[in-house]
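1. quick one, structure for this:
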Amino acid sequence: ITIDTTGPTVTLQNSVTKSSQAVSSDWAQRFEVYGTVNDVSGVESIYYCSTTSTTCTPTTKYSSTSEYSLTLSDTSTTTRYCVQAVDKLGNKSVIKCSNAYKVDSTAPTVSSSVSSSTQNAAKTWYKSISLQVNATDNIQYIKYCLTTSSTCTPSTTYSSAVSLSDGSSSKICYQATDNAGNKSSISCSSGYNVDGTAPTVTKADPTTTSGSNGWFKAVTTKFSLSETISGIASLKYCTTTSTTCTPSTAYSVTSGTTTLTSFSRSITNTSTATRVCIQVTDVADNASGVVCSDAYKVDNTVPTLTGAATLGTSGNGWYASAKYKYTISDTISGLASAKYCTTNSTSCDPSTSYTSATNKSLANGYRLCVNATDNAGNTSNTKCSPTYQVDTTPPNASTLTKSGMDISATATDSQSGVYASCLS
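-> All right, here's what the predicted structure looks like:
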């Protein structure tokens, strides 16, 4: 007989993650309580509770009966866990309680907003502006710095709204630290400037691939841009066959960029001389004049060849005649020339002038091959027709021969062969 009058043995361990920059020693970034339970008669249940006092009566049943692990959620109140186990005979362990901590595992959220400002007539840019920093969490302190670069290392303690200088491209960057020592990432406000100068846009040398007859096979127009104060807010373009147009198609830019120094746009497949025009607007709403490229006729597409066969009477895979033609189209610069050849091989090099949609007769086992060149100088690949079994000659019958009562004759055909013969 086993006698058990003693409650289970419970171990309790505290696992704490702290920051050296926590405001006090009772703040943790993570707090876990864990341990094991064993008993002679076996463990029936493990119970736990959490409290802001020194102890509590465990009533919440834990899922395991041999070990436990409890992680304290974020709380701004000093909190501890207490654990008790019960064995199979109903004996209870003593209540064991952990250390107590306040927990914050999340970095602060920080933003900035305009506190006060004097705006220009356009109501978009500022003659003076103060920014305030807003943070959510148990904030210990906020540090900030001012910069004309993309970022800086905050080192000055923030207490109230900070003024940015007129005409500068200053911004405020900030970082908040909460009571547990969690730091936000360094964030920065938008930049604010006084800007009364329109962006500079000039036509640059294009990249071209020359064709023939005043045509181009490829044209990329180019423009040089300069906006170093407020940065570019938008870039719009248009294409026209006239001398100018009103740009309305938006090109994607990062608002406020000062590093966008060029813009290019290709002209493709246009039968009328076409140009590209652009206009750039900065963040202060200053717009450049409309600047246009030169005009170009561009055709970068080869002619299209569509083949079709006209076949005569057929039998046993043979045809009494076979004709083939290619219909050629070029909707941009138009067809300049076409050439053809015939061959009993897989391909040949076209050298004889060909007119679109002209049927060419094919001999047995021969094919028609054609290529075409448009007015811009684009030449298609050579396209070749299928081959056909063609026999245009009837069979040849020999003279009748008599031998006694027998009369005979022979028939020959050197191409498709004799299918049938009769003697009458």
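
2. grab the nearest non-local neighbour of Gly42.
-> What sits nearest to Gly42 in space, not counting adjacent residues and going by C-beta to C-beta, 6 or more residues apart in numbering, is Lys88, at 4.5 Å. C-betas here are computed from N, CA, C, even on glycine.

3. with Thr304 instead?
-> Excluding its sequence neighbours, the residue lying closest to Thr304 (C-beta to C-beta, 6+ apart) is Ser329, at 4.9 Å.

4. doesn't Val302 make contact with that neighbour?
-> No - here Ser329 does not reach Val302: they are 10.9 Å apart, not a contact under C-beta atoms under 8 Å.

5. looking at those two, which is more packed in?
-> The residue with more neighbours, out of Ser329 and Val302, is Val302; 16 against 13, by other C-beta atoms under 10 Å.

6. for the more buried one, what are its contacts?
-> Val302 sits next to 330, 372, 374, 378-381 when contact means C-beta atoms under 8 Å, 6 or more residues apart in numbering.

7. turn those into JSON lines, columns for secondary structure and distance to Thr151.
-> Shown next, in JSON lines, are the contacts of Val302 (DSSP: H, G, I helix; E, B strand; the rest coil; distance: C-beta to C-beta, whole Å):
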{"residue": "Asp330", "secondary structure": "coil", "distance to Thr151": "56"}
{"residue": "Ala372", "secondary structure": "strand", "distance to Thr151": "60"}
{"residue": "Asp374", "secondary structure": "strand", "distance to Thr151": "55"}
{"residue": "Asn378", "secondary structure": "coil", "distance to Thr151": "51"}
{"residue": "Thr379", "secondary structure": "strand", "distance to Thr151": "56"}
{"residue": "Ser380", "secondary structure": "coil", "distance to Thr151": "56"}
{"residue": "Asn381", "secondary structure": "coil", "distance to Thr151": "55"}
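
8. show the buried residues in these.
-> Taking 16 or more other C-beta atoms under 10 Å as the criterion, what is buried in those is 330, 372, 374, 378, 380.

9. please report how far the second one lies from Ser271.
-> Yep, that's Ala372 we're talking about. 17 Å (C-beta to C-beta, to the nearest Å).

10. repeat for the fourth one
-> When C-beta to C-beta is applied, the distance between Asn378 and Ser271 equals 14 Å.

11. thinking again about what came up before, what's the closest of the buried ones among the contacts of Val302 to Asn138?
-> Asn378 (70.8 Å; C-beta to C-beta).

12. thinking that closest one is in contact with Thr301, fair?
-> Yes - using C-beta under 8 Å, Asn378 is in contact with Thr301, at 6.5 Å.
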